[in-house]
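Chemist: The following comprises the amino acid sequence and a computationally predicted model.
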Amino acid sequence: MSRPISRTFAALLLAVSPLAFFPFNESHAQETDRFANVEIKAEPLAEGVAVLFGAGGNIGVSYGPDGTVLIDDQFAPLTPKIQAAIAGLGAEPVTYLINTHWHGDHSGGNENFGKAGALIMAHDHVRERMLGVQKSGRGNDPASAAEGLPTVTYHDGLKLHLNGDEVQVKHMKHGHTDGDSVIFWKKANVVHMGDLFFNKLSLPFIDLDSGGNARGVLAAAEKVLTMVNDETKIIPGHGPMATRADLIAYRDMMKTVIGAVEKAQGEGKSLEQVQAMKPAAQWDINPDAFIKGDAFVEAVYKSLKKPDHAEDHAH
């Protein structure tokens, strides 16, 4: 079986769409049925670069004479539809696959693409987490099949020189998880931020169980803002395509909420007292969001109680 999404995350997301996420006690056939009506929509972004929208995390695609690079792959039952959408772009089958992080709505298709010959790459911590059982609020996520594991890993990042572009992969420490990467196409001026950026549809999900931290999400937004300009097309982990202005607004939101929670903590306020202050209220506007204000504030509050991960351990 391909690795499922983190159960805690799935529980939060199930309410959003009956098609997007599946409960874990269903059989494979039922899982497949749940995705039967999902349509994978391709949107070209630049020459040889596109984004695919479906159920789960947004997918980046780079294609050309040197092969096809896929950024994330959603859920296993969607692999044939994703492959069809890639072929519809005029691209060859996937040669390289990069996971922005380990969650199953971004890596659920790994085993399928690995068996089809794709070379899978990700941060060291992604492979480490996928190798073993991951504990979460609702139980344990099983280890990944060998074919779904990243076979090339990195600590700080790497560069791919393919299809006339330089693809820069950069690790962002302790943000959404402890293994997040952003992928930047230098010539095409496109960046995929994975779940370090939730655009418009929800407040951020910070996976504290996977080494995530609100400060790291803010730091990642700050870092990416130094890499982009007003013409950059930003692929968020979830939500519609974004601009630099959208990312600035997101950064400002993170800075404002973290600042308010930090100040309240300094005054000795409990989590419940800080939640009652509603510091994220002005951004908590989507009734269908899978992370609402109180959950986000709780993640920020707990993040600030943890030591600042100024230095990550080396590999």
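Modeler: Yep, that arrived.

Chemist: Next, please give the residue ranges for the strands of the stretch 151-300 of the chain.
Modeler: 152-154, 157-162, 165-172, 180-185, 190-192, 233-235 (DSSP state E, counting those that start in this stretch).

Chemist: mind putting those strands in TSV, distance to Asp294 and mean pLDDT included?
Modeler: Placement of C-beta: from N, CA and C, glycine included. TSV is the format used below for the strands of the stretch 151-300 of the chain (distance: least, Cβ to Cβ, whole Å; pLDDT from 0 to 100):
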stretch	distance to Asp294	mean pLDDT
strand 152-154	36	97
strand 157-162	35	97
strand 165-172	26	98
strand 180-185	24	98
strand 190-192	29	98
strand 233-235	28	98
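
Chemist: can I get those strands in a markdown table with mean neighbour count and distance to Val126?
Modeler: A markdown table is the format used below for the strands of the stretch 151-300 of the chain (neighbours: other Cβ atoms under 10 Å; distance: least, Cβ to Cβ, whole Å):
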| stretch | mean neighbour count | distance to Val126 |
| --- | --- | --- |
| strand 152-154 | 16 | 7 |
| strand 157-162 | 15 | 13 |
| strand 165-172 | 21 | 10 |
| strand 180-185 | 26 | 8 |
| strand 190-192 | 26 | 15 |
| strand 233-235 | 25 | 18 |
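
Chemist: what would those look like in JSON lines with distance to Glu222?
Modeler: As requested, the strands of the stretch 151-300 of the chain are exported to JSON lines (distance: least, Cβ to Cβ, whole Å):
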{"stretch": "strand 152-154", "distance to Glu222": "22"}
{"stretch": "strand 157-162", "distance to Glu222": "17"}
{"stretch": "strand 165-172", "distance to Glu222": "10"}
{"stretch": "strand 180-185", "distance to Glu222": "12"}
{"stretch": "strand 190-192", "distance to Glu222": "14"}
{"stretch": "strand 233-235", "distance to Glu222": "14"}
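
Chemist: Indicate which one of those is closest to Glu47.
Modeler: Closest approach to Glu47 among these (Cβ to Cβ): strand 165-172, 9.0 Å.

Chemist: Give me the helices and strands touching the closest one, please.
Modeler: Strand 165-172 sits against strand 157-162, strand 180-185, helix 214-225, with contacts defined as 3 or more Cβ pairs under 8 Å, 6 or more residues apart in numbering; DSSP states H and E.

Chemist: mind putting those in TSV, distance to Gly239 included?
Modeler: Shown next, in TSV, are those (distance: least, Cβ to Cβ, whole Å):
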stretch	distance to Gly239
strand 157-162	24
strand 180-185	16
helix 214-225	14
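
Chemist: right, and the ones you listed - which one's nearest Ile40?
Modeler: strand 180-185 (19.3 Å).

Chemist: coming back round to it: so for Ala299, which of the strands of the stretch 151-300 of the chain sits nearest?
Modeler: Proximity to Ala299 (Cβ to Cβ) singles out strand 180-185 among those, at 14.9 Å.

Chemist: okay, the longest helix along the chain in CSV with CA atoms only?
Modeler: Looking across the chain with DSSP state H, the single longest helix is helix 244-266. Output of helix 244-266 as CSV, limited to C-alpha atoms (Å, rounded to 0.1, in the frame of the first residue of the first chain):
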residue,chain,number,x,y,z
ARG,A,244,4.4,37.9,-4.6
ALA,A,245,1.7,40.1,-3.2
ASP,A,246,-0.3,37.1,-1.9
LEU,A,247,2.9,35.7,-0.2
ILE,A,248,3.6,39.1,1.4
ALA,A,249,0.1,39.1,2.8
TYR,A,250,0.6,35.6,4.1
ARG,A,251,4.0,36.6,5.6
ASP,A,252,2.3,39.6,7.3
MET,A,253,-0.4,37.4,8.7
MET,A,254,2.1,34.9,10.2
LYS,A,255,4.1,37.8,11.7
THR,A,256,1.0,39.4,13.2
VAL,A,257,-0.4,36.3,14.8
ILE,A,258,3.0,35.1,16.1
GLY,A,259,3.6,38.5,17.5
ALA,A,260,0.3,38.6,19.3
VAL,A,261,0.6,35.1,20.7
GLU,A,262,4.2,35.8,21.8
LYS,A,263,3.1,39.0,23.6
ALA,A,264,0.2,37.2,25.3
GLN,A,265,2.5,34.3,26.4
GLY,A,266,4.9,36.9,27.9
